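[1] Quick check, what structure comes out for this input:
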Amino acid sequence: MTGSTGIAGLLRGNRGFRLLWTARSLSFLGDSLTLVALMLYVADTTGQALAVAALLLVGDFAPALLGPFTGALSDRFDRKRVMVICDLVQGALVLTIALWLPALWLLLVLVAVRAVAGQIFQPASRAVVPALVRDRELESANAAIGFGTNVGETLGPLVAAALFPFVGLRGVLLIDAATFLVSALLLTFLPTKTTRTQDDSEPATLWSETRAGLRYLTAAPLLRVIGLGYVAIVACNGVDDVALVFLAKDTLHSGDSAVGLLLAGVGIGLLAGYALVARTRFTMPVLLVAGFAISSAGNLLTGLAWAVAAAFVVQTTRGLGIAAMDVAANTLIQRAVPEALLGRVFGSLYGAIGIAAALSYLGGGLLLDRTDPRVAFVAAGAGGLLATVATAVALRRVVRPRAPDPAPPDH
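    Okay, here's the model as predicted:
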(Lines give C-alpha, C1' and ligand atoms only; values in the text may rest on other atoms or scores of the structure.)
Protein backbone atom coordinates (compact mmCIF):
# COMPACT_ATOMS: atom_id res chain seq x y z
CA MET A 1 0.00 0.00 0.00
CA THR A 2 1.42 3.35 -1.00
CA GLY A 3 0.32 6.67 0.40
CA SER A 4 -1.08 8.64 -2.47
CA THR A 5 0.25 12.01 -1.45
CA GLY A 6 2.34 13.75 1.14
CA ILE A 7 1.12 15.77 4.08
CA ALA A 8 1.28 19.12 2.29
CA GLY A 9 -0.58 17.83 -0.77
CA LEU A 10 -3.36 16.32 1.33
CA LEU A 11 -3.83 19.53 3.32
CA ARG A 12 -3.93 21.64 0.17
CA GLY A 13 -6.39 19.44 -1.66
CA ASN A 14 -8.90 18.47 1.05
CA ARG A 15 -10.74 21.28 2.83
CA GLY A 16 -12.61 19.04 5.29
CA PHE A 17 -9.46 17.29 6.44
CA ARG A 18 -7.61 20.61 6.62
CA LEU A 19 -10.24 21.89 9.06
CA LEU A 20 -9.88 18.82 11.28
CA TRP A 21 -6.07 18.98 11.14
CA THR A 22 -5.97 22.67 12.05
CA ALA A 23 -8.45 22.23 14.90
CA ARG A 24 -6.54 19.34 16.43
CA SER A 25 -3.16 21.03 16.04
CA LEU A 26 -4.45 24.19 17.74
CA SER A 27 -5.94 22.20 20.60
CA PHE A 28 -2.71 20.31 21.24
CA LEU A 29 -0.72 23.54 21.20
CA GLY A 30 -3.11 25.02 23.75
CA ASP A 31 -2.97 21.88 25.90
CA SER A 32 0.80 22.06 25.98
CA LEU A 33 0.68 25.73 26.99
CA THR A 34 -1.71 24.97 29.85
CA LEU A 35 0.30 21.98 31.09
CA VAL A 36 3.45 24.07 31.43
CA ALA A 37 1.57 26.98 33.01
CA LEU A 38 -0.25 24.86 35.58
CA MET A 39 2.82 22.82 36.49
CA LEU A 40 4.69 26.04 37.24
CA TYR A 41 1.72 27.47 39.14
CA VAL A 42 1.26 24.37 41.30
CA ALA A 43 4.99 24.08 41.96
CA ASP A 44 5.25 27.74 42.98
CA THR A 45 2.14 27.85 45.16
CA THR A 46 2.57 24.50 46.93
CA GLY A 47 6.28 23.76 46.71
CA GLN A 48 5.39 20.06 46.62
CA ALA A 49 6.45 17.60 43.94
CA LEU A 50 3.52 15.41 44.99
CA ALA A 51 1.09 18.16 43.99
CA VAL A 52 2.65 18.38 40.52
CA ALA A 53 2.44 14.57 40.23
CA ALA A 54 -1.24 14.73 41.20
CA LEU A 55 -1.83 17.31 38.47
CA LEU A 56 -0.28 15.01 35.87
CA LEU A 57 -2.19 12.02 37.23
CA VAL A 58 -5.65 13.60 36.97
CA GLY A 59 -4.82 15.04 33.56
CA ASP A 60 -3.56 11.83 31.98
CA PHE A 61 -3.98 8.54 33.82
CA ALA A 62 -7.43 9.02 35.39
CA PRO A 63 -9.26 9.86 32.10
CA ALA A 64 -7.64 6.84 30.43
CA LEU A 65 -9.66 4.60 32.76
CA LEU A 66 -12.81 5.91 31.07
CA GLY A 67 -11.61 5.08 27.54
CA PRO A 68 -14.34 2.52 26.71
CA PHE A 69 -17.09 4.93 27.82
CA THR A 70 -15.65 7.99 26.08
CA GLY A 71 -15.33 6.03 22.86
CA ALA A 72 -18.94 4.88 23.15
CA LEU A 73 -20.11 8.49 23.32
CA SER A 74 -18.55 9.28 19.95
CA ASP A 75 -20.30 6.22 18.46
CA ARG A 76 -23.63 7.07 20.08
CA PHE A 77 -23.89 10.69 18.92
CA ASP A 78 -22.98 12.78 15.89
CA ARG A 79 -19.18 12.93 15.98
CA LYS A 80 -18.89 16.47 14.69
CA ARG A 81 -21.22 17.67 17.42
CA VAL A 82 -19.32 15.65 20.03
CA MET A 83 -16.03 17.29 19.04
CA VAL A 84 -17.48 20.80 19.03
CA ILE A 85 -19.08 20.36 22.46
CA CYS A 86 -15.87 18.88 23.89
CA ASP A 87 -13.85 21.84 22.65
CA LEU A 88 -16.34 24.32 24.09
CA VAL A 89 -16.37 22.52 27.45
CA GLN A 90 -12.57 22.46 27.60
CA GLY A 91 -12.37 26.12 26.66
CA ALA A 92 -14.90 27.06 29.35
CA LEU A 93 -13.03 25.09 32.00
CA VAL A 94 -9.67 26.62 31.11
CA LEU A 95 -11.28 30.08 31.14
CA THR A 96 -12.70 29.35 34.61
CA ILE A 97 -9.25 28.34 35.87
CA ALA A 98 -7.68 31.44 34.34
CA LEU A 99 -10.16 33.84 35.95
CA TRP A 100 -10.41 32.08 39.30
CA LEU A 101 -7.06 30.33 39.98
CA PRO A 102 -8.77 28.10 42.57
CA ALA A 103 -7.28 26.14 45.46
CA LEU A 104 -5.37 22.98 44.59
CA TRP A 105 -8.16 20.49 45.24
CA LEU A 106 -10.64 22.38 43.07
CA LEU A 107 -7.99 22.98 40.41
CA LEU A 108 -7.43 19.22 40.23
CA VAL A 109 -11.18 18.65 39.82
CA LEU A 110 -11.41 21.18 36.97
CA VAL A 111 -8.32 19.72 35.27
CA ALA A 112 -9.77 16.21 35.58
CA VAL A 113 -13.09 17.25 34.01
CA ARG A 114 -11.25 19.02 31.19
CA ALA A 115 -9.15 15.90 30.62
CA VAL A 116 -12.27 13.73 30.41
CA ALA A 117 -13.69 16.07 27.76
CA GLY A 118 -10.42 15.72 25.86
CA GLN A 119 -10.62 11.95 26.22
CA ILE A 120 -14.08 12.02 24.60
CA PHE A 121 -12.77 14.23 21.77
CA GLN A 122 -9.88 11.97 20.78
CA PRO A 123 -11.72 8.80 19.62
CA ALA A 124 -14.28 10.94 17.79
CA SER A 125 -11.52 12.79 15.93
CA ARG A 126 -9.80 9.54 14.95
CA ALA A 127 -13.06 7.87 13.92
CA VAL A 128 -14.06 10.74 11.62
CA VAL A 129 -10.90 10.61 9.47
CA PRO A 130 -12.14 7.87 7.06
CA ALA A 131 -15.17 10.04 6.25
CA LEU A 132 -12.90 12.90 5.15
CA VAL A 133 -10.26 11.18 3.00
CA ARG A 134 -10.00 8.39 0.45
CA ASP A 135 -9.03 4.95 1.72
CA ARG A 136 -5.66 5.15 -0.04
CA GLU A 137 -4.96 8.46 1.73
CA LEU A 138 -5.46 7.16 5.26
CA GLU A 139 -1.72 6.70 5.85
CA SER A 140 -1.02 10.27 4.81
CA ALA A 141 -3.95 11.59 6.85
CA ASN A 142 -2.88 9.85 10.05
CA ALA A 143 0.71 10.97 9.51
CA ALA A 144 -0.44 14.55 8.97
CA ILE A 145 -2.44 14.53 12.22
CA GLY A 146 0.48 13.05 14.12
CA PHE A 147 2.81 15.67 12.66
CA GLY A 148 0.49 18.55 13.54
CA THR A 149 -0.24 17.45 17.10
CA ASN A 150 3.43 16.80 17.85
CA VAL A 151 4.43 20.20 16.48
CA GLY A 152 1.89 21.68 18.89
CA GLU A 153 3.23 19.69 21.83
CA THR A 154 6.83 20.57 20.93
CA LEU A 155 6.20 24.28 20.49
CA GLY A 156 3.95 24.59 23.54
CA PRO A 157 6.67 24.84 26.21
CA LEU A 158 8.69 27.24 24.04
CA VAL A 159 5.68 29.48 23.37
CA ALA A 160 4.75 29.39 27.06
CA ALA A 161 8.27 30.42 28.05
CA ALA A 162 8.17 33.31 25.56
CA LEU A 163 4.71 34.52 26.65
CA PHE A 164 5.07 34.27 30.42
CA PRO A 165 7.10 37.48 30.90
CA PHE A 166 4.49 39.47 28.94
CA VAL A 167 1.08 37.99 29.78
CA GLY A 168 1.67 35.94 32.92
CA LEU A 169 -0.12 32.78 34.00
CA ARG A 170 -3.64 34.07 33.35
CA GLY A 171 -2.67 35.32 29.92
CA VAL A 172 -1.28 31.93 28.89
CA LEU A 173 -4.43 30.20 30.12
CA LEU A 174 -6.65 32.68 28.26
CA ILE A 175 -4.72 31.96 25.06
CA ASP A 176 -5.37 28.24 25.58
CA ALA A 177 -9.09 28.92 26.08
CA ALA A 178 -9.07 30.85 22.81
CA THR A 179 -7.50 27.90 20.95
CA PHE A 180 -10.42 25.69 22.00
CA LEU A 181 -12.92 28.31 20.83
CA VAL A 182 -11.21 28.60 17.43
CA SER A 183 -11.01 24.80 17.16
CA ALA A 184 -14.74 24.46 17.87
CA LEU A 185 -15.52 27.11 15.27
CA LEU A 186 -13.44 25.33 12.63
CA LEU A 187 -15.07 21.99 13.37
CA THR A 188 -18.55 23.39 12.77
CA PHE A 189 -17.59 23.68 9.08
CA LEU A 190 -16.72 19.99 8.70
CA PRO A 191 -18.68 18.30 5.89
CA THR A 192 -22.04 16.98 7.04
CA LYS A 193 -21.12 13.51 5.77
CA THR A 194 -19.04 13.10 8.94
CA THR A 195 -22.32 12.79 10.81
CA ARG A 196 -22.86 9.25 12.03
CA THR A 197 -26.17 7.55 11.32
CA GLN A 198 -27.45 5.75 14.40
CA ASP A 199 -28.24 2.09 13.85
CA ASP A 200 -31.59 1.33 15.52
CA SER A 201 -30.54 -2.29 16.00
CA GLU A 202 -27.73 -1.27 18.37
CA PRO A 203 -28.14 -1.49 22.16
CA ALA A 204 -30.05 1.46 23.59
CA THR A 205 -27.94 2.38 26.62
CA LEU A 206 -24.45 3.78 26.92
CA TRP A 207 -23.41 0.92 29.18
CA SER A 208 -24.62 -1.77 26.77
CA GLU A 209 -22.95 0.00 23.83
CA THR A 210 -19.72 0.16 25.82
CA ARG A 211 -19.90 -3.55 26.52
CA ALA A 212 -20.64 -4.27 22.86
CA GLY A 213 -17.55 -2.31 21.87
CA LEU A 214 -15.36 -4.20 24.33
CA ARG A 215 -16.74 -7.53 23.12
CA TYR A 216 -15.98 -6.58 19.54
CA LEU A 217 -12.46 -5.45 20.41
CA THR A 218 -11.62 -8.65 22.27
CA ALA A 219 -13.29 -10.95 19.72
CA ALA A 220 -11.65 -9.59 16.54
CA PRO A 221 -8.28 -11.35 16.08
CA LEU A 222 -6.56 -8.44 14.30
CA LEU A 223 -7.67 -5.91 16.91
CA ARG A 224 -6.57 -8.22 19.71
CA VAL A 225 -3.10 -8.48 18.24
CA ILE A 226 -2.78 -4.73 17.63
CA GLY A 227 -4.11 -3.87 21.08
CA LEU A 228 -2.06 -6.36 23.06
CA GLY A 229 1.09 -5.60 21.07
CA TYR A 230 0.74 -1.83 21.43
CA VAL A 231 -0.01 -2.02 25.15
CA ALA A 232 2.96 -4.34 25.71
CA ILE A 233 5.32 -2.02 23.81
CA VAL A 234 4.20 1.02 25.80
CA ALA A 235 4.33 -0.87 29.10
CA CYS A 236 7.93 -1.86 28.37
CA ASN A 237 9.20 1.40 26.86
CA GLY A 238 7.25 4.13 28.65
CA VAL A 239 9.98 4.38 31.28
CA ASP A 240 12.30 6.24 28.90
CA ASP A 241 10.86 9.67 29.78
CA VAL A 242 11.87 9.14 33.40
CA ALA A 243 15.12 7.29 32.76
CA LEU A 244 16.54 9.86 30.31
CA VAL A 245 16.93 12.42 33.10
CA PHE A 246 19.01 10.06 35.22
CA LEU A 247 20.97 8.71 32.25
CA ALA A 248 22.09 12.18 31.21
CA LYS A 249 22.91 13.46 34.69
CA ASP A 250 24.09 10.44 36.66
CA THR A 251 25.46 8.04 34.05
CA LEU A 252 26.77 10.37 31.34
CA HIS A 253 27.61 13.14 33.86
CA SER A 254 25.99 15.95 31.88
CA GLY A 255 23.74 18.85 32.85
CA ASP A 256 20.18 20.03 32.28
CA SER A 257 20.93 20.99 28.68
CA ALA A 258 21.78 17.38 27.88
CA VAL A 259 18.45 16.28 29.34
CA GLY A 260 16.64 18.75 27.11
CA LEU A 261 18.62 17.57 24.09
CA LEU A 262 17.75 13.92 24.66
CA LEU A 263 14.07 14.68 25.23
CA ALA A 264 14.06 16.80 22.06
CA GLY A 265 15.61 13.91 20.11
CA VAL A 266 12.43 11.85 20.28
CA GLY A 267 10.36 14.84 19.17
CA ILE A 268 12.63 15.47 16.20
CA GLY A 269 12.42 11.81 15.23
CA LEU A 270 8.63 11.89 15.50
CA LEU A 271 8.27 14.84 13.15
CA ALA A 272 10.67 13.31 10.63
CA GLY A 273 8.92 9.96 10.97
CA TYR A 274 5.46 11.34 10.26
CA ALA A 275 6.76 13.15 7.18
CA LEU A 276 8.36 9.93 5.89
CA VAL A 277 5.45 7.63 6.74
CA ALA A 278 3.04 9.88 4.82
CA ARG A 279 4.59 8.47 1.62
CA THR A 280 5.36 4.98 2.89
CA ARG A 281 5.59 2.04 0.52
CA PHE A 282 5.25 -0.54 3.28
CA THR A 283 2.05 -2.36 4.13
CA MET A 284 0.58 -1.34 7.48
CA PRO A 285 1.28 -4.65 9.29
CA VAL A 286 4.94 -4.41 8.26
CA LEU A 287 5.08 -0.77 9.31
CA LEU A 288 3.52 -1.60 12.69
CA VAL A 289 6.07 -4.30 13.45
CA ALA A 290 8.92 -2.11 12.19
CA GLY A 291 7.74 0.70 14.46
CA PHE A 292 7.60 -1.61 17.47
CA ALA A 293 11.09 -2.93 16.71
CA ILE A 294 12.72 0.46 16.06
CA SER A 295 11.23 2.11 19.14
CA SER A 296 12.28 -0.80 21.35
CA ALA A 297 15.76 -1.13 19.86
CA GLY A 298 16.20 2.62 20.35
CA ASN A 299 15.75 2.22 24.10
CA LEU A 300 18.02 -0.81 24.28
CA LEU A 301 20.80 1.02 22.41
CA THR A 302 20.28 4.12 24.57
CA GLY A 303 21.21 1.99 27.55
CA LEU A 304 24.49 1.12 25.80
CA ALA A 305 25.28 4.69 24.68
CA TRP A 306 28.71 5.95 25.69
CA ALA A 307 27.98 9.67 25.25
CA VAL A 308 25.09 12.14 25.05
CA ALA A 309 25.57 12.46 21.29
CA ALA A 310 25.15 8.70 20.79
CA ALA A 311 22.06 8.63 23.02
CA PHE A 312 20.60 11.55 21.05
CA VAL A 313 21.04 9.69 17.75
CA VAL A 314 19.32 6.52 18.93
CA GLN A 315 16.52 8.44 20.67
CA THR A 316 15.90 10.36 17.45
CA THR A 317 15.75 7.05 15.61
CA ARG A 318 13.36 5.80 18.27
CA GLY A 319 11.05 8.71 17.38
CA LEU A 320 10.87 7.39 13.81
CA GLY A 321 9.61 4.08 15.18
CA ILE A 322 6.96 5.69 17.37
CA ALA A 323 5.60 7.62 14.40
CA ALA A 324 5.49 4.44 12.31
CA MET A 325 3.57 2.40 14.86
CA ASP A 326 1.12 5.24 15.54
CA VAL A 327 0.20 5.66 11.87
CA ALA A 328 0.09 1.92 11.20
CA ALA A 329 -2.16 1.13 14.17
CA ASN A 330 -4.62 3.93 13.39
CA THR A 331 -4.79 3.04 9.69
CA LEU A 332 -5.28 -0.68 10.32
CA ILE A 333 -8.11 0.04 12.75
CA GLN A 334 -9.82 2.55 10.44
CA ARG A 335 -9.79 -0.02 7.62
CA ALA A 336 -10.79 -3.07 9.64
CA VAL A 337 -13.45 -1.76 12.01
CA PRO A 338 -17.04 -0.93 10.98
CA GLU A 339 -17.71 2.80 11.06
CA ALA A 340 -20.30 2.45 13.83
CA LEU A 341 -17.72 0.92 16.20
CA LEU A 342 -14.66 3.06 15.45
CA GLY A 343 -15.07 5.39 18.42
CA ARG A 344 -15.35 2.54 20.91
CA VAL A 345 -12.32 0.73 19.53
CA PHE A 346 -10.16 3.86 19.56
CA GLY A 347 -11.39 4.89 23.01
CA SER A 348 -10.68 1.49 24.54
CA LEU A 349 -7.32 1.04 22.83
CA TYR A 350 -5.88 4.42 23.71
CA GLY A 351 -7.34 4.24 27.20
CA ALA A 352 -5.45 0.97 27.71
CA ILE A 353 -2.30 2.56 26.26
CA GLY A 354 -2.59 5.43 28.74
CA ILE A 355 -2.87 2.98 31.64
CA ALA A 356 0.12 1.03 30.31
CA ALA A 357 2.18 4.23 30.17
CA ALA A 358 1.31 5.08 33.78
CA LEU A 359 2.23 1.58 34.94
CA SER A 360 5.49 1.83 33.01
CA TYR A 361 6.34 5.07 34.83
CA LEU A 362 5.68 3.36 38.15
CA GLY A 363 7.50 0.11 37.36
CA GLY A 364 10.36 1.94 35.66
CA GLY A 365 10.77 4.21 38.65
CA LEU A 366 11.06 1.22 40.97
CA LEU A 367 13.58 -0.41 38.62
CA LEU A 368 15.64 2.78 38.47
CA ASP A 369 15.73 3.01 42.26
CA ARG A 370 17.08 -0.53 42.52
CA THR A 371 19.46 -0.58 39.55
CA ASP A 372 20.64 2.22 37.23
CA PRO A 373 19.51 3.93 34.00
CA ARG A 374 21.48 1.61 31.72
CA VAL A 375 19.82 -1.47 33.16
CA ALA A 376 16.40 0.18 32.90
CA PHE A 377 16.88 1.09 29.23
CA VAL A 378 18.26 -2.31 28.25
CA ALA A 379 15.46 -4.11 30.11
CA ALA A 380 12.83 -1.87 28.50
CA GLY A 381 14.24 -2.35 25.01
CA ALA A 382 14.67 -6.10 25.40
CA GLY A 383 11.13 -6.49 26.68
CA GLY A 384 9.85 -4.40 23.78
CA LEU A 385 11.72 -6.51 21.24
CA LEU A 386 10.24 -9.70 22.70
CA ALA A 387 6.78 -8.14 22.43
CA THR A 388 7.59 -7.16 18.83
CA VAL A 389 8.47 -10.75 17.89
CA ALA A 390 5.28 -12.05 19.49
CA THR A 391 3.22 -9.42 17.66
CA ALA A 392 4.87 -10.24 14.32
CA VAL A 393 4.11 -13.94 14.70
CA ALA A 394 0.50 -13.25 15.69
CA LEU A 395 -0.03 -10.74 12.86
CA ARG A 396 1.21 -13.26 10.32
CA ARG A 397 -1.56 -15.60 11.42
CA VAL A 398 -4.43 -13.11 11.30
CA VAL A 399 -3.63 -10.71 8.45
CA ARG A 400 -5.08 -11.56 5.06
CA PRO A 401 -4.29 -9.76 1.79
CA ARG A 402 -6.60 -6.78 1.25
CA ALA A 403 -8.85 -6.54 -1.74
CA PRO A 404 -8.08 -3.78 -4.24
CA ASP A 405 -9.25 -0.32 -3.14
CA PRO A 406 -12.68 0.71 -4.43
CA ALA A 407 -13.01 3.77 -6.62
CA PRO A 408 -12.34 6.88 -4.52
CA PRO A 409 -15.37 9.00 -3.60
CA ASP A 410 -15.80 12.46 -5.04
CA HIS A 411 -14.78 15.37 -2.79
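
[2] And the average pLDDT for the longest helix seen in the chain is what?
    What stands out as the longest helix in the chain, according to DSSP state H, is helix 138-187. In this model, helix 138-187 has a mean pLDDT of 88.

[3] Remind me what it packs against, helices and strands.
    Other helices and strands packing on helix 138-187, by 3 or more CB pairs under 8 Å, 6 or more residues apart in numbering; DSSP states H and E, are helix 7-13, helix 15-46, helix 79-100, helix 256-277, helix 308-336. In this view, the C-beta of every residue, glycine as well, is placed from N, C-alpha and C.

[4] Can you say which of the ones you listed is nearest to Gly146?
    Across these, the minimum distance to Gly146, taken as CB to CB, is reached by helix 256-277, at 4.5 Å.

[5] in the closest one, what's buried?
    Along helix 256-277, the positions that meet the burial threshold by neighbour count (16 or more other CB atoms under 10 Å) are 258-259, 261-263, 265-275, 277.

[6] Likewise for stretch 12-23?
    Using 16+ other CB under 10 Å as the test for burial, stretch 12-23 gives 14, 16-23.

[7] Contacts only, for Ala394.
    Ala394 makes contact with 225, 228-229, according to CB atoms under 8 Å, 6 or more residues apart in numbering.

[8] do that again at 7 Å, thanks
    Residues touching Ala394, when contacts are defined by CB atoms under 7 Å, 6 or more residues apart in numbering, comprise Val225.

[9] now swap in Ala328 and tell me
    Listed by CB under 7 Å, 6+ apart, the contact partners of Ala328 are 284, 287-288, 291.

[10] same question, Leu214
    Contacts were defined as CB under 7 Å, 6+ apart; by that measure Leu214 touches 68, 348.

[11] again, only this time at 10 Å
    In this structure, Leu214 makes contact with 68, 71-72, 344-345, 348, judged by CB atoms under 10 Å, 6 or more residues apart in numbering.

[12] can you list the domains in this structure?
    By the record's domain assignment, the chain is partitioned as 1-189, 212-400 (automatic domain parsing).

[13] With Thr205 as the reference, name the closest of these.
    With distances scored as CB to CB, the stretch of those nearest to Thr205 is domain 1-189 (9.4 Å).

[14] coming back round to it: with the buried residues of stretch 12-23 in mind, which one is nearest to Val42?
    Of all the buried residues of stretch 12-23, the one sitting nearest Val42 is Ala23; the distance, using CB to CB, is 28.2 Å.

[15] Does the closest one touch Leu132 like I think?
    No - with the criterion set as CB atoms under 10 Å, Ala23 and Leu132 do not qualify as a contacting pair; they are 12.0 Å apart.

[16] hey, what's in contact with both of these two?
    Looking at what touches both Ala23 and Leu132 (by CB under 10 Å, 6+ apart), the common residues are Leu190.

[17] quick revisit: JSON lines for the helices and strands packed on helix 138-187, including mean pLDDT and distance to Leu57?
    Rendered in JSON lines, the data for those read as follows (pLDDT from 0 to 100; distance: least, CB to CB, whole Å):
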{"stretch": "helix 7-13", "mean pLDDT": "88", "distance to Leu57": "34"}
{"stretch": "helix 15-46", "mean pLDDT": "87", "distance to Leu57": "12"}
{"stretch": "helix 79-100", "mean pLDDT": "95", "distance to Leu57": "17"}
{"stretch": "helix 256-277", "mean pLDDT": "83", "distance to Leu57": "20"}
{"stretch": "helix 308-336", "mean pLDDT": "94", "distance to Leu57": "23"}
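
[18] Any idea which of those helices gets closest to Cys236?
    Taking CB to CB as the criterion, Cys236 comes closest to helix 308-336 out of the helices and strands packed on helix 138-187, the separation being 12.6 Å.

[19] Can you give me the buried ones in the closest one?
    Neighbour count says helix 308-336 has 308, 311-334, 336 buried, by 16+ other CB under 10 Å.

[20] Keep only those of the contacts of Ala328 that are in helices.
    Assigned to helices by DSSP H, the following of the contacts of Ala328 qualify: 284, 287-288, 291.

[21] neighbour-wise, which of those residues leads?
    Leu288 (29 neighbours; other CB atoms under 10 Å).

[22] Tell me the predicted confidence for that one.
    We have a pLDDT of 96 for Leu288.

[23] show me what contacts it?
    Contacts were defined as CB under 10 Å, 6+ apart; by that measure Leu288 touches 225-226, 229-230, 233, 282, 324-329, 331-332, 388, 391-392, 395, 399.
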